[in-house]
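A.B. asks: I'd like to go over a predicted model; first the sequence, then the structure.
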Amino acid sequence: DQQVKQNSPSLSVQEGRISILNCDYTNSMFDYFLWYKKYPAEGPTFLISISSIKDKNEDGRFTVFLNKSAKHLSLHIVPSQPGDSAVYFCAASASMSGGGADGLTFGKGTHLIIQP
Amino acid sequence: NAGVTQTPKFQVLKTGQSMTLQCAQDMNHNSMYWYRQDPGMGLRLIYYSASEGTTDKGEVPNGYNVSRLNKREFSLRLESAAPSQTSVYFCASSSRGGRQGVSGNTIYFGEGSWLTVV
């Protein structure tokens, strides 16, 4: 049972336009959400995160929006650039007491292709 | 900047063989992790080590053992490889355990190790 869902395996966007990547979650205990970017043959790299106490977090061209009532978050990239072509993973975590890994639950990823 | 280094990058094993994936980080991080990624799937946590001398199971620990050799190194061992363990394995580290993505606690991943069990 997937707790973090990225329903679009791939997305194609023209250079300069807005890319919108979507993510849905089912576990209401999740209260922290992250996006990772992954190029082929490389490990994922952290992109941006958002706490459940916020509904928006912005970092340069990247903005993450969180709709808690809908259990939905999205990553907006504006404007899209060729270097943004990669696989984007949505991930979520739940608060834990007493330390521990607080391991992330990942979605399957969306392959973003920026077309010139 | 080495960051997180994994070896080997590629390995083919026969069913029943054993092998160890090595991981080292040079960022003085306390916490280290092993994830696997299967085709069309997200990453899943196998084992983690919150600090030197401690290890704990993640979501999919069966068939694996780990050793936190020292603060820098965290190895993953397959004692008797099975075709179901064919995957890409990622080692990762962060300054501390607990909430990922909080300022100062970003998780850094290695480049991955491609393992095929035939």
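C.D. replies: Great, that's in hand.
A.B. asks: pairing partners for the lowest-mean-pLDDT helix or strand in chain A, with directions?
C.D. replies: Using mean pLDDT, DSSP states H and E, strand A:105-106 stands out as the lowest-scoring helix or strand of chain A, at a mean of 88. Strand A:105-106 sits in its sheet next to strand A:86-94 (antiparallel), going by DSSP bridges.
A.B. asks: show me what the mean pLDDT comes to for the strand it pairs with.
C.D. replies: Computed over strand A:86-94, the mean pLDDT rounds to 91.
A.B. asks: okay, now the unreliable bits of chain A?
C.D. replies: A:95-103 (pLDDT under 70).
A.B. asks: what does the pLDDT read for the spatially closest residue to B:Ser18 that is not a sequence neighbour?
C.D. replies: Counting by Cβ to Cβ, 6 or more residues apart in numbering or on different chains, B:Glu79 is the residue found nearest to B:Ser18 once chain neighbours are left out, at 5.2 Å. Where you see a C-beta, it was placed from the backbone N, CA and C, and this is true even at glycine. The model reports B:Glu79 with a pLDDT of 93.
A.B. asks: can you pull out the low-pLDDT segments for chain B?
C.D. replies: Within chain B, the stretches with pLDDT under 70 are B:1-2, B:96-105.
A.B. asks: can you map out the strands along it?
C.D. replies: Counting by DSSP state E, chain B has strands at residues B:4-7, B:10-13, B:19-25, B:31-37, B:43-49, B:56-57, B:64-68, B:74-78, B:87-94, B:108-109, B:113-117.
A.B. asks: reformat these as TSV; add distance to A:Cys23 and mean neighbour count.
C.D. replies: TSV is the format used below for those (distance: least, Cβ to Cβ, whole Å; neighbours: other Cβ atoms under 10 Å in any protein chain shown):
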stretch	distance to A:Cys23	mean neighbour count
strand B:4-7	25	18
strand B:10-13	31	14
strand B:19-25	28	20
strand B:31-37	17	27
strand B:43-49	14	24
strand B:56-57	26	15
strand B:64-68	28	18
strand B:74-78	28	21
strand B:87-94	20	24
strand B:108-109	19	20
strand B:113-117	26	18
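A.B. asks: test my guess that A:Phe8 contacts A:Cys23.
C.D. replies: No, residue A:8 isn't Phe; it's Ser. No - the pair A:Ser8 / A:Cys23 is not scored as a contact, 9.7 Å apart, by Cβ atoms under 8 Å.
A.B. asks: who's more crowded, those two?
C.D. replies: Taking neighbours as other Cβ atoms under 10 Å in any protein chain shown, A:Ser8 and A:Cys23 compare with A:Cys23 leading, 25 against 14.
A.B. asks: who's the nearest residue to that one once chain neighbours are set aside bridged to?
C.D. replies: Distance criterion Cβ to Cβ, 6+ apart; nearest residue to A:Cys23, sequence neighbours excluded, is A:Cys90 at 3.4 Å. On the basis of DSSP bridges, A:Cys90 is bridged to A:Trp35.
A.B. asks: of all the strands of chain B, which lies closest to chain A?
C.D. replies: strand B:108-109 (3.0 Å; Cβ to the nearest Cβ).
A.B. asks: what lines up beside that closest one in the sheet?
C.D. replies: strand B:87-94 (antiparallel).
A.B. asks: the partner strand to strand B:43-49, inter-axis angle?
C.D. replies: Interaxial angle of strand B:87-94 relative to strand B:43-49 (axes from the mean of the first three to the mean of the last three Cα atoms, to 10 degrees): 50 degrees.
A.B. asks: strands of chain A, start to end?
C.D. replies: According to DSSP E, the strands that chain A contains are A:4-5, A:10-14, A:19-25, A:30-38, A:45-51, A:56-59, A:62-67, A:72-77, A:86-94, A:105-106, A:110-115.
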